[in-house]
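Chemist: Just to be clear, the model below is a prediction. Sequence and coordinates:
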Amino acid sequence: MSEGAKPTANDTHVVDKVVLESYLKKLYLSTFIRHHEAYAAEAAQSNQSYARYLLALAEQEVLEREARRRQRRLKEAKIPVVKDLSSFDFTQMPDLNQQKIRQLVSGDYIDKAEPVILIGNPGLGKTHIATALAVAATQQMLRVRFYNAAALVNELLKAQDEGRVDAFIRKALNYKLMVIDELGFIPFTATGAQLMFQLCSTLYERVALIVTTNLKFADWTQVFGDERLTVALLDRLTHKAHIIEFVGESYRFRQRQQREEAA
């Protein structure tokens, strides 16, 4: 624009856009920045009110923020393989309490900090169901952490060596749900068993726990070694617990047989 010339409507529009987007950036309204022009054009074309235009933008901002927050919760959970309930074939497990599992997806047990114990032989889908429940909790924007049982004990042992067990447990109390997967495959050392007991005892009635195990309760002493400690842990874990038993032949084994037969 030459000196002395009056600003055109287009010049004013450009300046207004720059100033507006600088304000939106300061307010961290990234969705407004991306969509305000398109939404304004649509509002003008359909003769919408200013309030309706602003409502549409604000709604989109909220939806995108919630989607990003869900993604953060899912990433923070450190779930090894993300699966949901829709991919679980209940027809392969006709005796499984499907209604109970679907009720758990709503997350009421998390609000009450109640344990869920999935028990049965390997290959029956316990980890899949535990994962699906964990994923559902992240979609409800809850803080979740997924652990393999042996890896969790190793982390606790490392924390003890570094003098930060209390800090580790305090961090665990910030979660709404913790999953301990595959309890029973590897026996713990005496120290590892004591640390696992300390963690679970602290989380009792404060953080919901999902435990998957291939061992019957009577055999948990094989993992923890100390009978008194095992009884005390089971007393806490089974109190108010939702216990779901998986019975049948390995789901993975049946799938492999079906593939071989089809070949």
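Modeler: Yep, it's here. Numbering: from 1, shown residues only.

Chemist: Excluding covalently adjacent residues, which one is nearest to L237?
Modeler: P115 (5.2 Å; Cβ to Cβ, 6 or more residues apart in numbering). Bear in mind the C-beta positions are built from the backbone N, C-alpha and C, glycine included.

Chemist: Can you tell me how far that neighbour is from L63?
Modeler: Distance, P115 to L63, by Cβ to Cβ, to the nearest Å: 34 Å.

Chemist: And the strands in the stretch 101-250 of the chain?
Modeler: Along the stretch 101-250 of the chain, the segments classed as strands by DSSP state E, counting those that start in this stretch run 116-120, 144-148, 177-183, 208-213, 242-246.

Chemist: List the contacts of E114.
Modeler: Counting by Cβ atoms under 8 Å, 6 or more residues apart in numbering, E114 touches A208, K240, A241, H242.

Chemist: most surrounded residue in these?
Modeler: Counting neighbours by other Cβ atoms under 10 Å, the top entry in those is A208, with 27 neighbours.

Chemist: which residues does that one contact?
Modeler: Y109, I110, K112, A113, E114, P115, V116, K176, L177, M178.

Chemist: which helices and strands sit right next to the longest helix seen in the chain?
Modeler: Using DSSP state H to define each element, the chain has its longest helix at helix 50-77. The contact analysis (3 or more Cβ pairs under 8 Å, 6 or more residues apart in numbering; DSSP states H and E) places helix 50-77 against helix 30-45, helix 126-139, strand 144-148.

Chemist: Can you dump the C-alpha atoms of the longest one in PDB for me?
Modeler: As requested, C-alpha coordinates have been extracted for helix 30-45 and formatted as PDB (Å, rounded to 0.1, in the frame of the first residue of the first chain):
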ATOM      1  CA  SER A  30      -5.300 -24.200  18.000                       C
ATOM      2  CA  THR A  31      -8.500 -25.500  16.500                       C
ATOM      3  CA  PHE A  32      -9.900 -21.900  16.200                       C
ATOM      4  CA  ILE A  33      -6.800 -21.000  14.300                       C
ATOM      5  CA  ARG A  34      -7.200 -23.800  11.800                       C
ATOM      6  CA  HIS A  35     -10.900 -23.600  11.300                       C
ATOM      7  CA  HIS A  36     -12.100 -20.000  12.000                       C
ATOM      8  CA  GLU A  37     -12.000 -18.900   8.300                       C
ATOM      9  CA  ALA A  38     -13.800 -22.000   6.900                       C
ATOM     10  CA  TYR A  39     -16.400 -21.900   9.700                       C
ATOM     11  CA  ALA A  40     -16.900 -18.100   9.100                       C
ATOM     12  CA  ALA A  41     -17.500 -18.700   5.300                       C
ATOM     13  CA  GLU A  42     -19.900 -21.500   6.100                       C
ATOM     14  CA  ALA A  43     -21.800 -19.400   8.600                       C
ATOM     15  CA  ALA A  44     -22.100 -16.500   6.200                       C
ATOM     16  CA  GLN A  45     -23.300 -18.800   3.400                       C
END
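
Chemist: just how off-centre is it within its chain?
Modeler: Here the centre of mass of C-alpha atoms in helix 30-45, compared against the chain's by Cα atoms, centre = their mean, to the nearest Å, lies 33 Å away.
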